[in-house]
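Visitor: Predicted structure and sequence below. I'll ask about it afterward.
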Amino acid sequence: MILLNYIASFFLIALGLYCIVVKYNLVKTVIGLSIMDYGVNLLIITIGFNPGGTAPIFTWGELKPESFFVDPIPQALTLTSIVIGACVTAMSLALVMKLKEMYGTTDTREIRRLRG
Amino acid sequence: MNMLSLQHFPIYSIMVLFLGAFLIVIFGKSKVFRHAVALLATFASFFFMAMLFKPVMLEGQTIAYWMGNRVPAGGYAIGIALEVDALSLFFGLLVSCVVFIACVYSIQYMSHDDNVPQYYTLFLMLAGGVMGLVLSGDLFNMFIMVEILTFAAVALTAFRNTANGALEAAFKYLVVGCIGSTCILAGTIMLYAQVHTLNLAQMSALIPGNLSTATKVAFALLFIGFCTKAFLVPFHPLAADAHGAAPASISVLISGVLTKSGIYGLIRLSYFLFQSMALGTMQFWLVFLGSVSMFVCVTMALAQHDFKRLLAFHSISQIGYVLASVGLCTAFGISAGLYHAMNHTLFKGLLFLAAGAVLHETGTTDLGKLGGLSRKMPHTTVLFLIGAFSISGIPPFNGFASKWMIYQATYQKAVETGNIGFLLVTICALVTSTLTLASFVKVTQSVFFGQLPKEYENVKEVPFGMRLAMGILAAMCLVTGLLPEAVTRYLTEPAARAVFAVTDYINNMMGAGYAQSAMTAPPAVQSVSFASAGVWSPISWLCLLMIALLAVSIVAIAGKYDRVSVKSPENLGGKYDLFYGGEQTVYSQVGGDDLFWGFKHNWRHYFSFMHELHSGVVNDYSLWAVVALALAIVYALIVL
């Protein structure tokens, strides 16, 4: 079960990288970035997961040494990472829009004024 | 706790920058207000860093600050920490100082742009991100700061979005930068899975004894992530694109500050978290990467036609020096590398500001179109020449002192280990330095000397504020070049000692004795020797230069040298113009590209190969990143 999660997360990261490297459409590049990001998010959540654990929400009285819950730190990290992922998508889409206006295309092979 | 105690200064120095950014978002409409806030914030940040100089650099303390006073409990560091040892403070001082100077320059440089409030917001966010990165004691916070600075840098690259290639450069930077950031995040979380902490000090205690496949892969991921931030080969095209398009004051930050944050990350990673630098294979890795960056980028720079793009390639070439020297794992090598890192920030900042001044007045940075500006912009020319002398390693400027130390450090390493490879690095560094000088001769000739094109007849000197910023940097170039002993003793030597004092670093954060109890084998504190540091003396080289100059002057005076005064032809109409058979004077500037045509012709296959390779397609650059990552993982699995 957990192993499947790990495999899936690394598969997603690899898929995202593949998409970025192989696809020539700017929008698909952005999609690749997002997929890679989701892969990392899944990895983080999986690392913090304890099979059978409860949600890590306690008041002071409830928390006992025998309480068994999932690791809360990776969840906090994932939240941050999701926010950052949203920023990446927003910013890159804004740039794609402007690029399309200026170059008249979304093909990465034609957006290469800076080279050499 | 007293609010003014030293403990709080690191967080203040980060906070003022972000606070300034937010204030400018809200009240930035007023010009006076935003300038005052930006200047105050950057200066306050520098001030707080400077206040830490005495306790950290001179007395050797490590300042630890726990957010919300959540100190480690039960041997686990749950709270978020800032930790400032001499290494962090060295980078912190450098960053805050250059940020302040860039801010002074921005005020007049950006005065003709739209949306200036947004510029200052992003500028302060970028500065805050870098400060946060170098002072942070928490790996995840380092990732967050990396993201903040990447975003701010991307947005600022695209700031003049009508400029040629600005959007394109920003998009490429964003894609490859995000691959790098994702690598850092993945590496961080894989380390967390192994040691269940994010605190740098605690990780440094726990990781080295328990290397597993996962931690090795994490090392490779983090390594590539920080390489992206330092723009080392194969990520150098991004730096060139970003520098070319960004405003000059931002180029200063990208080259002087952002790349340093990458170097800082690499040092923390390999010297602290994994403590793997004692391995010869790791030293080989860093030194090799540094040498390749050094050489490839300087040859790329030789072939450039754009002022700022050329400077950008040089920037990465100099970062190569820093990495090669830091990778030697000797105290002298690290000291030399950090010294060069500091000098690089100063002289490259100066050069970019000079390029910005040229752009500000003429509206172009194309080397083919410029020429003869020394008559119109004499101060800028002199300041630029100081920067050019510094980067080419000519005494008495600072580039000479640090490059000399790097040659010595690599040579010393070669002698100590008997490994001929390090000698090759020395030779590579020397050749690179020569090529750097060659390409600056080209720039100087094609921008400042030679004939002035007709359309720049009315060019004026830049405003005082811009010259002031350049002047400060030029003075610092000269001072750090003339006083290498002082710089070494008070800045780079404490930082180099801190790099080897891992046990102290851990104990300061986690409580005394933690390192000894947690680590399976606490590393022996390496003996720091500066034995050969006294051998070199730039002063003697300065004397040599003086003697040579004197000799030339004597020969000139003793010979049939007549002082001829030439009245400036501009003031006298066509009377004193050159006469070519009655026709109008022909514009015949000797272009920068013509200077080294023989060299270029002999190397034409190499240059055309490199030109084809840097295709400008973002897919290619991403592919390089993926290949580099794959190689790094394989190498880490084999050697660590």
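Guide: That came through, no problem. Residues are numbered from 1 along each chain as shown, chains lettered A, B, ... in the order given.

Visitor: is stretch A:30-37 up against chain B anywhere?
Guide: Yes - using C-beta under 8 Å from any C-beta of the partner chain, stretch A:30-37 reaches chain B at A:33, A:36, A:37. (Glycine included, C-beta is placed from N, CA and C.)

Visitor: just checking, what's the longest helix in the chain?
Guide: You didn't pick a chain, so chain A it is. Identified as the longest helix of chain A according to DSSP state H is helix A:72-103.

Visitor: think we crossed wires, I meant chain B
Guide: Under DSSP H, chain B gives helix B:331-362 as its longest helix.

Visitor: Buried residues in it, which are they?
Guide: Judged by neighbour count using 16 or more other C-beta atoms under 10 Å in any protein chain shown, the buried positions of helix B:331-362 are B:331-362.

Visitor: Cross-check the residues you listed against chain A and keep the overlap.
Guide: Of those, not one also sits near chain A (C-beta under 8 Å from any C-beta).

Visitor: can you pull out the helices in the stretch 101-250 of chain B?
Guide: Assigned by DSSP state H, counting those that start in this stretch, the stretch 101-250 of chain B shows helices spanning B:116-135, B:139-157, B:166-195, B:200-206, B:213-230, B:236-245, B:248-253.

Visitor: Let me have those in CSV, extended by mean neighbour count.
Guide: CSV is the format used below for the helices of the stretch 101-250 of chain B (neighbours: other C-beta atoms under 10 Å in any protein chain shown):
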stretch, mean neighbour count
helix B:116-135, 26
helix B:139-157, 24
helix B:166-195, 25
helix B:200-206, 25
helix B:213-230, 24
helix B:236-245, 27
helix B:248-253, 28
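
Visitor: mind putting these in JSON lines, distance to residue B:453 included?
Guide: Formatted as JSON lines, those follow (distance: least, C-beta to C-beta, whole Å):
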{"stretch": "helix B:116-135", "distance to residue B:453": "30"}
{"stretch": "helix B:139-157", "distance to residue B:453": "29"}
{"stretch": "helix B:166-195", "distance to residue B:453": "25"}
{"stretch": "helix B:200-206", "distance to residue B:453": "54"}
{"stretch": "helix B:213-230", "distance to residue B:453": "37"}
{"stretch": "helix B:236-245", "distance to residue B:453": "21"}
{"stretch": "helix B:248-253", "distance to residue B:453": "21"}
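
Visitor: For the closest residue to chain A within the stretch 301-450 of chain B, list the residues it contacts.
Guide: Residue nearest to chain A within the stretch 301-450 of chain B: residue B:303 (7.1 Å; C-beta to the nearest C-beta). Residues near residue B:303 by C-beta atoms under 8 Å, 6 or more residues apart in numbering or on different chains: A:116, B:600, B:607, B:610, B:611.

Visitor: Just give the closest residue to the fourth one, not the sequence neighbours.
Guide: Setting aside the residues directly before and after it, residue B:610 is nearest to residue B:300 in space (C-beta to C-beta, 6 or more residues apart in numbering or on different chains), at 6.2 Å.

Visitor: do the same with the third one
Guide: Of all residues beyond its chain neighbours, the one nearest residue B:607 is residue B:303 (5.2 Å), with distances taken as C-beta to C-beta, 6+ apart.

Visitor: And the first one, by the same measure?
Guide: Nearest non-adjacent residue to residue A:116, counting by C-beta to C-beta, 6+ apart: residue B:611, 4.2 Å away.

Visitor: helix or strand for that neighbour, which one?
Guide: In this assignment (DSSP states H and E), residue B:611 forms part of helix B:604-613.

Visitor: Quick one: distance of that helix to the chain centre.
Guide: Averaging C-alpha positions (C-alpha atoms, centre = their mean, to the nearest Å) puts helix B:604-613 26 Å from its chain's average.

Visitor: Tell me the helices and strands packed up against the helix or strand following it.
Guide: Moving toward the C-terminus from helix B:604-613, the next helix or strand (DSSP H and E) is helix B:618-639. Counting contacts by 3 or more C-beta pairs under 8 Å, 6 or more residues apart in numbering or on different chains; DSSP states H and E, helix B:618-639 is packed against helix A:2-22, helix B:166-195, helix B:213-230, helix B:280-302.

Visitor: so which of these gets nearest residue A:108?
Guide: helix B:166-195 (8.9 Å; C-beta to C-beta).

Visitor: what packs against the closest one?
Guide: By 3+ C-beta pairs under 8 Å, 6+ apart, helix B:166-195 packs against helix A:2-22, helix A:26-48, helix A:72-103, helix B:139-157, helix B:200-206, helix B:213-230, helix B:236-245, helix B:618-639.

Visitor: Low-confidence stretches in chain B?
Guide: B:1-3, B:520-544, B:555-593 (pLDDT under 70).

Visitor: ok so, going back, the helix holding residue B:611 vs helix B:236-245, what angle?
Guide: Between the axis of helix B:604-613 and that of helix B:236-245 there is an angle of 80 degrees, by axes from the mean of the first three to the mean of the last three C-alpha atoms, to 10 degrees.

Visitor: Please point out which parts of helix B:604-613 sit buried.
Guide: Applying 16+ other C-beta under 10 Å to helix B:604-613 flags B:607, B:610 as buried.

Visitor: Can you tell me which helices and strands that helix packs against?
Guide: helix B:280-302.

Visitor: Quick one: mean pLDDT over stretch A:52-70.
Guide: For stretch A:52-70, mean pLDDT is 82.

Visitor: From residue B:35, how far out is the residue located most distally from the centre of chain A?
Guide: The C-alpha centroid of chain A is most remote from residue A:61, which lies 35.9 Å away (C-alpha atoms, centre = their mean). For residue A:61, the distance to residue B:35 equals 54 Å [C-beta to C-beta, to the nearest Å].

Visitor: now do residue B:518
Guide: In terms of C-beta to C-beta, residue B:518 sits 50 Å off from residue B:35.
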